[in-house]
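K.L.:
Starting from these lines, generate the structure:
(chains A and B)
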There are 2 protein chains.
Amino acid sequence: MNNTTTDTHTLLQFSPFQSAIDASFWHAFADKKLNFIQLSQDPQAIHAYYALGSSSSSNVLPPQLCIPGQALEGNATRPSATIPCTGTLINTNTFEQFQSMDKNLLFQQTADKIWQLIQSGDPSYICRFLMLTFADLKKFKFYYWFAFPAIIPTKPWSTISNQSIHEVYSTEQITSLASSYHEAGQPSCFVIQTQSDNTLRVLPCSTTVTSTSNMITLGFADPSSSPMTPGWPLRNLLAWAHHKFKSHSFQVVCYRESPSKSDALGSIVIHTELPLDATYLTQNQTNVKSVGWERNVQGKLGPRMADLGPLMDPTRLADTSVDLNLKLMRWRVMPSLDLDKVKGTKCLLLGAGTLGCYVARSLLGWGVRHITFVDSGRVSFSNPVRQPLYTFNDCLNGGASKAETAAKSLTEIQPSMVTKGYTLSIPMPGHPTTSTDDVLDRDLQQLMDLIESHDVVFLLTDSRESRWLPSLLGARLDKLVINAALGFDTYLVMRHGPTSSSLGCYFCNDIVAPTDSLTDRTLDQQCTVTRPGLSAMAAALAVELMVTILQHKEGIYAQADTTTSQPSSVLGLVPHQIRGFLAQFNNLLIVGQGYENCTACSKKILDAFDDDPLALVKKVTNDSLVLERITGLDEMKKQSEALLDQDWALSEDDDDDNHAGGF
Amino acid sequence: MNNTTTDTHTLLQFSPFQSAIDASFWHAFADKKLNFIQLSQDPQAIHAYYALGSSSSSNVLPPQLCIPGQALEGNATRPSATIPCTGTLINTNTFEQFQSMDKNLLFQQTADKIWQLIQSGDPSYICRFLMLTFADLKKFKFYYWFAFPAIIPTKPWSTISNQSIHEVYSTEQITSLASSYHEAGQPSCFVIQTQSDNTLRVLPCSTTVTSTSNMITLGFADPSSSPMTPGWPLRNLLAWAHHKFKSHSFQVVCYRESPSKSDALGSIVIHTELPLDATYLTQNQTNVKSVGWERNVQGKLGPRMADLGPLMDPTRLADTSVDLNLKLMRWRVMPSLDLDKVKGTKCLLLGAGTLGCYVARSLLGWGVRHITFVDSGRVSFSNPVRQPLYTFNDCLNGGASKAETAAKSLTEIQPSMVTKGYTLSIPMPGHPTTSTDDVLDRDLQQLMDLIESHDVVFLLTDSRESRWLPSLLGARLDKLVINAALGFDTYLVMRHGPTSSSLGCYFCNDIVAPTDSLTDRTLDQQCTVTRPGLSAMAAALAVELMVTILQHKEGIYAQADTTTSQPSSVLGLVPHQIRGFLAQFNNLLIVGQGYENCTACSKKILDAFDDDPLALVKKVTNDSLVLERITGLDEMKKQSEALLDQDWALSEDDDDDNHAGGF
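P.N.:
Here you go, the predicted model:
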């Protein structure tokens, strides 16, 4: 023995693993928990890895078990020259469960699993670990506890000698070991044989070593960089070796490499012995003994906590939190809900008054990210209390633009919103515009572009006639059109049927053309007087109707359900019109058929529009009766009175401004 | 004749009135329009006045007709030494009406009225005026046009002489005139007689002057300060005099006084003549001729406009505008609506989550000015999109206090709000508090004080048990308690019956005591998962239910209406419970009877509370079963399962925080 040999009979000690979790893992985990794991507490396979220890003894890092971002994916990739290590993740749904779960049992189960593998003879996977977690996804705090079970004998292994590889092998041998190790595909553990030419050869552990007087030399990929102590994986390897070769004495090459070199430098060679009377499983033992809970930062046996909240970009955090709430719906109540479809829907709100503001609020709640406002008005002093996107300050100095202010406050609520406001007047039947053809053409074009570039159009203006052109364009472009209108204590919430369907639009049950209803209105007519609670209800219903339709397999082509129908969407009934009566606290579901003479969506009108859009719009703004002539309604006007006194046919958004523009 | 006599046969000219309207008049007028005049266009009597002209010829102000703040009140007071002048105000409801109304007709009608008075012999009220208005109460712009009809002869009066009073009368005479004028009570017009002792005496116009060779001397309270031209009232006075005395020649004392002196100084004496062939009403005339429209600031014959918007305190303006919208309801739809009752109601919102924020919004809309929040939580990132009183910024740095932030944003919406937020935990059954008795006592006391000092208590928390103590206190203090709770796509909105009524509270249909439902909840249980539109609907319904009850003559003692009932309030049905089913878009009205063993509102519980409030609350927080023992429910527990799976009995506010405090 030479002088570097350490004193005999010192106990063999091991550098324990330290868990190193990539922050991206927690995000991926949160995501998987929300979308897949949900409430399940089934064990999840988790794919980690560790790097070889190095010879750079300058700063000796503890061996790290790395949990990469995709650790929960089967296809998790790992850096070259690292060793895979598979574990089991068990997530609990509450902190209380996390605390009260029987950790020792889980630990023992893992140890038993390892013991089975040992007895099966193949040590490749005996480096296993356990990860217990509770994810507080609301605060982005992750509680976790690792265990690296190591099977221990009744009496410990001792170190006979601990030498640097140079002291045991020649340079040639070391070189041959390194190349053979890499040829063998960098195994986690192996047997080393000295060839006849004196070179070293790495053999799989499955090799049945012909019994020999020479001591068996084991090798293993050693995560430790400490010259004194080998890494944790050796513990189970020794258990395996003792079980397989029935030997109490082994030489172990703790295989390490210089940083980013495929040499074997820095490796240490240990001669270790197990007392002859020691064993791993005595008769009276039912389970193997094992150790290996990771200690927390305080050095105590207890869980660690990763608080990602502070690290996260608040905007991103807000975004995630909103999705979280929605995704919860899919856990128990409604697994088949397609939230991405809702989230991806682009909504155009025509009118940013009471209905417009409340509709936007409900869309926010549903996670819609793309909302565009069109309104020609300014915020007035009576608005903020009824229009929940405006404040007192928006009323000062003549009032800010409603459309732009509404968009601004959406981003103040949720910075990730994609939102814009257009201050634009919609051409209206019976409202001659003073503007030139170019201007009218431009406004018309802009409105068409906006409707074309959105998926859903909400009609939320405060006049009947301002809904005519959008209704026409919505039909022309087969968009989903949702319409909401208020009476004093009644409301109408409806969808427009696509042209190919039998369902009507807002104008289908009219037999008079929409015309100027704004000029010469008394104060209470200017501000359609409504019970304040009405707009919040109608707006929320309009959005819920939209979502219900989006969740229907046929979308805007969905047939109209009535109270007696079987719900045709995952969310329930998909009605055509909801008429609400606040004085009775009840609703009616109504189906309105399309009308061949409709002044907004009938073929006659759409054809006239296609012939020359600008010409039609110009004619109609100058004289709404043009519409009746085109559709032939003028013939039938006498019969009209009967229908006219419908609350909902007379009243619009409870917007208390009288915009010539029609909002 | 002396040198100051002006050249004969110059036409007699008159200084026209200039209308001078006190800003406070417009406010009073707006108020009266909203509350009384409303849509009526009936003529309103309006009480103006003018001051005597003065001798201070330094700066000669035009004669002003002053419209004081209370001009529309019968009891309008006016400054001493001013002359009353009554007119007629006619208000139009739209600007178009204001423009198109037949002004000449109205003018002629006023002139005819004056002519009648003239013929009746008494000229006291022949100084009349007409005021046409349109009030744009939304922009606080007032359009108005005054007319001071003066009857004119077929040929004009001419000035024979125009002298200062000193040139015509001795100082003694002037002094006697002044004192006699005041003894007579400062009449607007009078006859002057020279007494035997040469002093002057003021006689009422009714005096039948014994025909005499001497020219009759008239007097009138002259608003003009111009040495050359008398004021406008003289025109109708001359018409009267000519009609009464059949004379074509009069001496007129244009009675004026030095500022704040009761002298007659500054008066002028005019000798005027009407051509002998002139008359006021020729045979072929049906109506007298008259002039007197006021010119506008551009000097044109047209209306004037008073824009008070810029002058008004914006906060006040916002306040008025909000009331305006509400008052419009009373014009046509619902004259008997008692808005002040709603406005004066003090509302306590327990819970400032999704329901709390939306309830506050609807209360704002109804003009409620006093709103108090109680919540123990902080704003988290998922809140703003569903809780419409918070923004992204409120989530930063761990999140602002919900109660305080909610109050803050109410004032940002409406500065006149009286609102405060209390960060306070409500003691809950089955949630043992670590706090000392003093702290518990203090919290209990504060909650009691808050409930006592408010009229309506809203239960909007996110747990069942946090509603227990407020329900008990609400019953104990006979407050109106409104309760809203959410399921995934269902909601319950209800009022608690007062103890004397047969209607139940939230806990009356329970046969288990509320207990800890918060600890150990999975994520989706912590954040009661609801369809986002639900909270806006339930909150709006809760507020509408409150208002409906306030409008019921029996208030909280109102019987429960059902769908088939006759509406018992001006706003319609007054139900006990509204249960909503969003998947079907419908509601049910339910009546839940009070329960003698109720764990919150039964006599047994209230008595136990009265015995020792703190003791009961303490016991219950430690062990909720105490409630079952007090009420005897423990005997009946077996039967409970049946009722337990009620959506609404299991779910609370869609607040996505899990506050230990229970919000």
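
K.L.:
how about the helices of the stretch 201-350 of chain A, start to end?
P.N.:
Using DSSP state H, counting those that start in this stretch, the helices of the stretch 201-350 of chain A run over A:233-245, A:314-328, A:339-343.

K.L.:
Show me which residues of the stretch 51-200 of chain A are close to chain B?
P.N.:
A:93-94, A:96-97, A:137-139 (Cβ under 8 Å from any Cβ of the partner chain). No exception for glycine: its C-beta is placed from N, CA and C like everyone else's.

K.L.:
Try it again at 10 Å.
P.N.:
The stretch 51-200 of chain A comes close to chain B at residues A:92-97, A:100, A:135-140, as judged by Cβ under 10 Å from any Cβ of the partner chain.

K.L.:
which among these end up buried?
P.N.:
A:92-94, A:135-140 (16 or more other Cβ atoms under 10 Å in any protein chain shown).

K.L.:
what's the burial count for the nearest residue to residue A:598 once chain neighbours are set aside?
P.N.:
Residue nearest to residue A:598 in three dimensions, not counting chain neighbours: residue A:508, with 4.6 Å by Cβ to Cβ, 6 or more residues apart in numbering or on different chains. Counted with other Cβ atoms under 10 Å in any protein chain shown, residues neighbouring residue A:508 total 22.

K.L.:
ditto for residue A:197
P.N.:
Neighbours around residue A:197, by other Cβ under 10 Å: 8.

K.L.:
Just confirm it is within a helix.
P.N.:
No. Assigned with DSSP: H, G, I helix; E, B strand; the rest coil, residue A:197 falls outside any helix and is coil.

K.L.:
So it versus chain B, what's the distance?
P.N.:
64 Å (Cβ to the nearest Cβ, to the nearest Å).

K.L.:
Residue A:470 too?
P.N.:
With Cβ to the nearest Cβ as the criterion, residue A:470 and chain B are 22 Å apart.

K.L.:
Report the secondary structure state of the residue nearest to residue A:598.
P.N.:
Applying three-state DSSP: residue A:508 is coil.

K.L.:
OK, contacts around it?
P.N.:
Neighbour list for residue A:508: A:471, A:496-497, A:592-602 [criterion: Cβ atoms under 10 Å, 6 or more residues apart in numbering or on different chains].

K.L.:
same thing but at 8 Å, please
P.N.:
A:592-595, A:598, A:600-601 (Cβ atoms under 8 Å, 6 or more residues apart in numbering or on different chains).

K.L.:
what's the answer for residue A:595, then?
P.N.:
So residue A:595 contacts A:504, A:507-509, A:602 (Cβ under 8 Å, 6+ apart).

K.L.:
circling back to that earlier point, which single one of the buried ones among the residues of the stretch 51-200 of chain A next to chain B is nearest to residue A:79?
P.N.:
Nearest to residue A:79, judged by Cβ to Cβ, of those is residue A:135 at 26.2 Å.

K.L.:
For residue A:44, see how far away that closest one is.
P.N.:
12 Å (Cβ to Cβ, to the nearest Å).

K.L.:
Quick check: neighbours shared by the two?
P.N.:
residue A:91.

K.L.:
who touches residue A:69 in this structure?
P.N.:
Contacts of residue A:69 by Cβ under 8 Å, 6+ apart are A:22, A:24-25, A:27-28.

K.L.:
between those, which has the most around it?
P.N.:
residue A:25 (20 neighbours).

K.L.:
which element is residue A:114 on?
P.N.:
According to DSSP states H and E, residue A:114 maps onto helix A:103-120.

K.L.:
Helix A:233-245 and that helix, what's the angle between them?
P.N.:
If you take axes from the mean of the first three to the mean of the last three Cα atoms, to 10 degrees, helix A:103-120 sits at 40 degrees to helix A:233-245.

K.L.:
what comes up buried for helix A:103-120?
P.N.:
Buried residues in helix A:103-120 (16+ other Cβ under 10 Å): A:103, A:106-115, A:117-118.

K.L.:
just those now: which is nearest chain B?
P.N.:
residue A:103 (17.6 Å; Cβ to the nearest Cβ).

K.L.:
measure the closest residue to that closest one other than its chain neighbours to residue A:102 for me?
P.N.:
Once flanking residues are discounted, residue A:103 sits nearest to residue A:132: 6.5 Å by Cβ to Cβ, 6+ apart. Distance, residue A:132 to residue A:102, using Cβ to Cβ: 11 Å.

K.L.:
likewise residue A:422?
P.N.:
From residue A:422 to residue A:102 the distance is 61 Å (Cβ to Cβ).

K.L.:
Ok, residue A:541 next?
P.N.:
49 Å.

K.L.:
neighbour-wise, which of those two wins?
P.N.:
residue A:541 (26 against 9).

K.L.:
so what's the more buried one closest to, chain neighbours aside?
P.N.:
residue A:493 (4.6 Å).

K.L.:
part of a strand, is the one you found?
P.N.:
Yes. With three-state DSSP as the criterion, residue A:493 is part of a strand.

K.L.:
Tell me if stretch A:370-377 is near chain B.
P.N.:
No. Applying Cβ under 8 Å from any Cβ, one finds stretch A:370-377 separated from chain B by no less than 11.5 Å.

K.L.:
How far off centre is the helix holding residue A:114?
P.N.:
35 Å (Cα atoms, centre = their mean, to the nearest Å).

K.L.:
How about stretch A:620-631?
P.N.:
50 Å.

K.L.:
Identify all contacting residues around the helix or strand hosting residue A:445.
P.N.:
Per DSSP H and E: residue A:445 is located in helix A:437-452. Where contact means Cβ under 8 Å, 6+ apart, the residues beyond helix A:437-452 that reach it are A:348, A:372, A:374, A:422, A:424-427, A:433, A:435, A:457, A:469-470, A:473-474, A:477, A:479, A:613-614, A:617-618, A:621.

K.L.:
still on that earlier bit, correct me, but the residue nearest to residue A:541 touches residue A:580?
P.N.:
Yes. If you go by Cβ atoms under 8 Å, residue A:493 and residue A:580 touch, sitting 7.4 Å apart.

K.L.:
which of those two has more neighbours?
P.N.:
residue A:493 (28 against 25).

K.L.:
so who does that one touch?
P.N.:
A:482-484, A:538, A:541-542, A:545, A:577-578, A:580.

K.L.:
Now pLDDT too, for those, in TSV please.
P.N.:
Converted to TSV, the contacts of residue A:493 look like this (pLDDT from 0 to 100):
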residue	pLDDT
A:482	97
A:483	96
A:484	95
A:538	97
A:541	97
A:542	98
A:545	97
A:577	94
A:578	95
A:580	93
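
K.L.:
Out of those, give me the two with the largest separation.
P.N.:
Pairwise over those, using Cβ to Cβ, the maximum falls at A:482 and A:580, 14.8 Å.

K.L.:
ranges for the helices of the stretch 51-200 of chain A?
P.N.:
Under DSSP H, counting those that start in this stretch, the stretch 51-200 of chain A gives helices at A:95-100, A:103-120, A:165-168, A:171-183.

K.L.:
Dump the ones you listed to CSV, plus mean pLDDT.
P.N.:
Below are the helices of the stretch 51-200 of chain A laid out as CSV (pLDDT from 0 to 100):
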stretch, mean pLDDT
helix A:95-100, 88
helix A:103-120, 92
helix A:165-168, 94
helix A:171-183, 94
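
K.L.:
how about low-confidence regions in the stretch 201-350 of chain A?
P.N.:
A:208-213, A:332 (pLDDT under 70).

K.L.:
In contact with the residue in it positioned nearest to chain B, which residues?
P.N.:
Nearest residue of the stretch 201-350 of chain A to chain B (Cβ to the nearest Cβ) works out as residue A:321 at 3.6 Å. Applying Cβ under 8 Å, 6+ apart to residue A:321 gives the contacts A:138, B:380-382, B:656.

K.L.:
redo that, cut-off 7 Å
P.N.:
B:380-382 (Cβ atoms under 7 Å, 6 or more residues apart in numbering or on different chains).
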